[in-house]
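Peer 1: pasting the structure only:
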Ligand code: PDD
């Protein structure tokens, strides 16, 4: 069964979900989005994602089309329209809407275009936990408001493309000598036994998974710090991880073609991944 798409308040089959070529999301990338993981049919950390969505909308001056209860109802409707109990990536996008002509200056009275859709998250391949992934360091060519989850992702796309061309599954972005984040993830390093991740600010997305990982690290009694992470420090990191809603916590075992630590997923990753999987299992069971 194909899941329908939620478009401007209506559930429609994906092939009927059409948006105008004058939509400002299409013309200018003038919109924001969220990706929410759904485990066993239950959205994970939905409140935090909806709060970040509201913050992104406010930051770019797009009126929020729904209050928290409205968004929650919309998500419930979308999930109820598909097979129950699945693990999904839920995508929500709000653009400023379609104007009559292409003009950088947005007209005041536009109706935002609201899209929500869900697609299955495939189970994690066993080799990922066994071997980890490769990453490369690249210059962070993005703008100075990366804390807004904007659909304008060209620089992120080009970074992922270059990483893929170099056989890597993620690009770790570097601005002024400091690691900011991954092209589509947050970054953690283990340095002298301490988990370090760059602090929140305008140059990174405040990842919901990043918060979960910090919570779990502290609950496990690990030393964890939000601190500037020089790009060069990655060369001596015992472990490097990336985190995102769709990928969870992933060990980076090769950086720029060289092994990270011993070139295998490390012991702290194993501990935190086990804690993450346990948290997911409790969430699935409705805890
Ligand atoms: N992206 N940083 C960037 C640039 C991202 O695109 C993402 C996630 C993250 C991690 O945020 P979170 O833990 O809240 O998913 C950090 C989503 C998954 C995407 O664009 O598909």
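Peer 2: In hand now; what should we look at? All of these numbers come straight from a predicted model, not from anything done at the bench.
Peer 1: In three-state terms, how would residue 71 be classified?
Peer 2: Classification of residue 71 into helix, strand or coil gives helix, according to DSSP: H, G, I helix; E, B strand; the rest coil.
Peer 1: now the residue in the stretch 1-150 of the chain that the ligand sits nearest to, what's its secondary structure?
Peer 2: In the stretch 1-150 of the chain, the residue that lies nearest the ligand is residue 35 (4.0 Å; C-beta to the nearest ligand atom). C-betas here are computed from N, CA, C, even on glycine. The three-state label given to residue 35 by three-state DSSP is strand.
Peer 1: Would you confirm that it contacts residue 246?
Peer 2: Yes. Residue 35 lies in contact with residue 246 (C-beta atoms under 8 Å); the separation is 6.2 Å.
Peer 1: next structured bit after the host helix or strand of residue 128?
Peer 2: Assigned by DSSP states H and E, residue 128 belongs to helix 126-131. Counting by DSSP H and E, the next helix or strand C-terminal to helix 126-131 is strand 133-139.
Peer 1: so what does the helix or strand following that following strand touch, helix or strand wise?
Peer 2: Note on strand 133-139: by DSSP H and E, the next helix or strand toward the C-terminus is helix 154-165. Applying 3 or more C-beta pairs under 8 Å, 6 or more residues apart in numbering; DSSP states H and E, one finds that helix 154-165 contacts strand 133-139, strand 170-175.
Peer 1: near the ligand, which residues of the stretch 1-150 of the chain show up?
Peer 2: residue 35 (C-beta under 6 Å from any ligand atom).
Peer 1: all helices of the stretch 1-150 of the chain, in order?
Peer 2: Assigned by DSSP state H, counting those that start in this stretch, the stretch 1-150 of the chain shows helices spanning 24-28, 46-60, 68-80, 126-131.
Peer 1: Tabulate the ones you listed (TSV), appending mean neighbour count and mean pLDDT.
Peer 2: As requested, these are exported to TSV (neighbours: other C-beta atoms under 10 Å; pLDDT from 0 to 100):
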stretch	mean neighbour count	mean pLDDT
helix 24-28	19	98
helix 46-60	18	98
helix 68-80	16	98
helix 126-131	12	95
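Peer 1: For those helices, give me JSON lines that also has distance to residue 265.
Peer 2: Shown next, in JSON lines, are these (distance: least, C-beta to C-beta, whole Å):
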{"stretch": "helix 24-28", "distance to residue 265": "38"}
{"stretch": "helix 46-60", "distance to residue 265": "27"}
{"stretch": "helix 68-80", "distance to residue 265": "32"}
{"stretch": "helix 126-131", "distance to residue 265": "6"}
